[in-house]
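# sequence plus the predicted model coming up.
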Amino acid sequence: MHKTWRIAATLAVLTTSAVMPTTISAASPNANPTANPIGLGLDSLISMGLARNADLLAAGQQTETLAQDTLTALPANPSLVLEAMRNLEGPSGPKASAKLSQEFRPGYRGHVYAAAKARISAGQEGQKTRELDLIQDIRSAFYAWQVLNQKAVLQQEAERRWEGLARLAAIRVAEGKISQVDEGQTRLNLAKAKQRAMEIRSDMAGLEKQLGYLAGALPLPDSPRPEPMDSLPGIPPMDSLVAWGEQGNPEVRIAQREIEFGKAQMRVEQNLRNPSFNLSVGYERETDGANLIGGGVEVPLPLFSHNQAGMAKARSSLREAELKKRAAESKVRANLADLQDKLAGLADRYRNHRQEIRDLSRKQLSLSEKGFREGLLGVFDLSRVQEEALAQDMEALDLMDAYYRTWNRLGRVVGGKIW
């Protein structure tokens, strides 16, 4: 009677359907799943990263340093010339003079200030791009952790099945119903399941460290919070994606700011083709005691140079920026078409697995377990079926992981519009 009870209990473990726990801790292999979702959510990790990421803070300071270029719009300092001379051969009265001069270039300060503001705007756009890249990295690592968490759940369930199978095999060896080879195979499969579970936990711990670095909190104050990932995020129509990409793509926006800077710099160079002039006022004391005061104007003659080189360089830079924007827009459209096709293919494969392959795999597993209980199927055959069922579930999670990674890339291309 005691042996019969143990066999029944073990079979109950084998036939228990997979229950999806909320989380598996990467640090504790024997941790029990919790029913209450706790831990850091995606929004919290992104907020931490934007506020504390070291690389982002350094880049922000670089942008702040660039803002000091507005000081170039200040007027040039005036010049003061003081002279004193004495005739050594006779006259007792010394000669002295003082002159104050200031250069003037009408309109130049305004153009330089506008160019500096345009350059700062380009730098700020670059900072937004770095923030967008950080958000993409955090999202990718977060969702990769979620997929691994679900893999850990599946592996934990497989480990429990092999434990039950190993106990049942030991009972049947004692009863003389199966050989020790069969029992050894069950223990080998159990050891392999534990090994895979350790690999998954190690990968989860690595992702937690990566998230900690990205969020500027290494180590993280808590593990990521498990979130349901049973469905795939949808794909907007191509017209919407193209419109968002042309407006929000980081490379397109930076190229647009470079065009604005190029136009402002062109106005600066055009202003430089006009000659500047110097106004001066001064005092002079002659050797005979006469005191002179007056002023003057100095204007260079634009006979040879009209800043042709500066304007040509500015014109070339502006054309380069325009071509960069055109290339960035073309790249956006090509990337969107490629990513949309990839997402559609991954979604079809995932749905096909969920609608057909998963049901067939689980039905095969149920029939195999029933055959094993009735003595119609051996340990090796059941092992192969269980391995195949686990492999199919893992493949579905790999498809989900690939979909989310591609979807995050799509979000980055359109400036985060679909997030």
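Everything's here; your move.
# use CA for all of it now, contacts and neighbours both
Will do.
# now the helices for the stretch 151-300 of the chain?
180-215, 238-248, 250-272 (DSSP state H, counting those that start in this stretch).
# same for the longest one, what does it pack against?
The reference is to helix 180-215. In terms of contacts (3 or more C-alpha pairs under 8 Å, 6 or more residues apart in numbering; DSSP states H and E), helix 180-215 is packed against helix 42-52, helix 108-174, helix 379-413.
# got those helices as TSV, with mean pLDDT, distance to Ala193 and mean neighbour count columns?
Formatted as TSV, these follow (pLDDT from 0 to 100; distance: least, C-alpha to C-alpha, whole Å; neighbours: other C-alpha atoms under 10 Å):
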stretch	mean pLDDT	distance to Ala193	mean neighbour count
helix 42-52	95	30	17
helix 108-174	89	6	21
helix 379-413	89	10	19
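# most tightly packed of the helices of the stretch 151-300 of the chain?
By mean neighbour count, with neighbours taken as mean count of other C-alpha atoms under 10 Å, helix 250-272 ranks first of those at a mean of 23.
# any regions of this structure where pLDDT drops low?
1-37, 69-74, 89-92 (pLDDT under 70).
# and of the helices and strands packed on helix 180-215, who's closest to Ala197?
Judged by C-alpha to C-alpha, the one of these that comes nearest to Ala197 is helix 108-174, at 6.0 Å.
# with adjacent residues omitted, what lies nearest to the residue nearest to the spatial centre of the chain?
Geometric centre of the chain, nearest residue: Asp133, 2.6 Å, by C-alpha atoms, centre = their mean. Leaving aside its chain neighbours, Asp133 sits nearest to Arg412 (7.3 Å; criterion: C-alpha to C-alpha, 6 or more residues apart in numbering).
# that neighbour contacts Leu132, correct?
Yes - with contact defined as C-alpha atoms under 8 Å, Arg412 reaches Leu132; the gap is 6.9 Å.
# quick check: bridge partners of Leu80?
Leu100 (DSSP bridges).
# give me the neighbour count for it.
13 (other C-alpha atoms under 10 Å).
# between the helices and strands packed on helix 180-215, which one is closest to Pro302.
Going by C-alpha to C-alpha, the one of the helices and strands packed on helix 180-215 nearest Pro302 is helix 108-174, 17.1 Å.
# give me the angle between that closest one and helix 250-272.
Relative orientation of helix 108-174 versus helix 250-272 (axes from the mean of the first three to the mean of the last three C-alpha atoms, to 10 degrees): 170 degrees.
# from Gly375, how far out is Gln355?
Using C-alpha to C-alpha, to the nearest Å, Gln355 is found at 31 Å from Gly375.
# shouldn't Gln102 be within a strand?
Yes - counting by DSSP: H, G, I helix; E, B strand; the rest coil, Gln102 is located in a strand.
# was I right about it contacting Val81?
No - with contact defined as C-alpha under 8 Å, Gln102 does not reach Val81; the gap is 11.6 Å.
# mind giving me the packing neighbours of the host helix or strand of Ala312?
If you go by DSSP states H and E, Ala312 is part of helix 308-352. Here helix 308-352 touches helix 238-248, helix 250-272, helix 379-413, going by 3+ C-alpha pairs under 8 Å, 6+ apart.
# quick one: closest of the ones you listed to Ala327.
helix 250-272 (8.7 Å).
# in CSV, list the C-alpha atoms belonging to the closest one.
Backbone C-alpha positions of helix 250-272 (Å, rounded to 0.1, in the frame of the first residue of the first chain) are rendered in CSV as follows:
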residue,chain,number,x,y,z
PRO,A,250,17.2,61.3,-34.5
GLU,A,251,19.5,61.4,-37.6
VAL,A,252,16.9,63.4,-39.6
ARG,A,253,16.4,65.9,-36.7
ILE,A,254,20.2,66.3,-36.3
ALA,A,255,20.6,66.9,-40.0
GLN,A,256,17.8,69.5,-40.0
ARG,A,257,19.6,71.3,-37.1
GLU,A,258,22.8,71.2,-39.1
ILE,A,259,21.0,72.8,-42.1
GLU,A,260,19.7,75.5,-39.8
PHE,A,261,23.3,76.1,-38.5
GLY,A,262,24.6,76.1,-42.0
LYS,A,263,22.2,78.8,-43.1
ALA,A,264,23.1,80.9,-40.1
GLN,A,265,26.8,80.4,-40.7
MET,A,266,26.3,81.4,-44.3
ARG,A,267,24.8,84.7,-43.2
VAL,A,268,27.8,85.3,-41.0
GLU,A,269,30.2,84.7,-43.9
GLN,A,270,28.1,87.0,-46.1
ASN,A,271,28.4,89.7,-43.6
LEU,A,272,32.1,89.3,-43.5
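# any chance of the helices and strands packed on helix 180-215 in a markdown table, with distance to Leu218 too?
Output for those, formatted as a markdown table (distance: least, C-alpha to C-alpha, whole Å):
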| stretch | distance to Leu218 |
| --- | --- |
| helix 42-52 | 11 |
| helix 108-174 | 14 |
| helix 379-413 | 24 |
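# quick one: which of those is nearest Ala191?
Between the helices and strands packed on helix 180-215, helix 108-174 lies closest to Ala191; by C-alpha to C-alpha that is 8.6 Å.
# between that closest one and helix 180-215, how big is the angle?
160 degrees.
# now do the end-to-end distance for stretch 96-116.
Stretch 96-116: ends 43 Å apart by C-alpha to C-alpha.
# so what touches stretch 49-57?
Gln127, Arg130, Glu131, Leu134, Ile135, Tyr213, Leu214, Ala215, Gly216, Ala217 (C-alpha atoms under 8 Å, 6 or more residues apart in numbering).
# from Arg412, how far off is the fourth one?
From Leu134 over to Arg412 the distance is 10 Å, taken as C-alpha to C-alpha.
# and for the third one?
Relative to Arg412, Glu131 is positioned 11 Å away (C-alpha to C-alpha).
# with the last one instead?
Separation of Ala217 from Arg412 (C-alpha to C-alpha): 24 Å.
# just to revisit the earlier point, just the CA trace of the helix or strand just after the helix holding Ala312, in PDB.
Downstream of helix 308-352, the next assigned helix or strand under DSSP H and E is helix 358-373. C-alpha atoms of helix 358-373 as PDB (Å, rounded to 0.1, in the frame of the first residue of the first chain):
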ATOM      1  CA  ARG A 358       1.900  24.500 -29.000                       C
ATOM      2  CA  ASP A 359      -1.400  22.600 -28.900                       C
ATOM      3  CA  LEU A 360       0.100  19.600 -30.900                       C
ATOM      4  CA  SER A 361       3.200  19.600 -28.600                       C
ATOM      5  CA  ARG A 362       1.200  19.600 -25.400                       C
ATOM      6  CA  LYS A 363      -1.200  17.000 -26.800                       C
ATOM      7  CA  GLN A 364       1.700  14.800 -27.600                       C
ATOM      8  CA  LEU A 365       3.200  15.300 -24.200                       C
ATOM      9  CA  SER A 366      -0.200  14.400 -22.500                       C
ATOM     10  CA  LEU A 367      -0.500  11.200 -24.600                       C
ATOM     11  CA  SER A 368       3.100  10.200 -23.900                       C
ATOM     12  CA  GLU A 369       2.600  10.600 -20.100                       C
ATOM     13  CA  LYS A 370      -0.500   8.600 -20.300                       C
ATOM     14  CA  GLY A 371       1.300   5.900 -22.300                       C
ATOM     15  CA  PHE A 372       4.100   5.900 -19.700                       C
ATOM     16  CA  ARG A 373       1.600   5.500 -16.800                       C
END
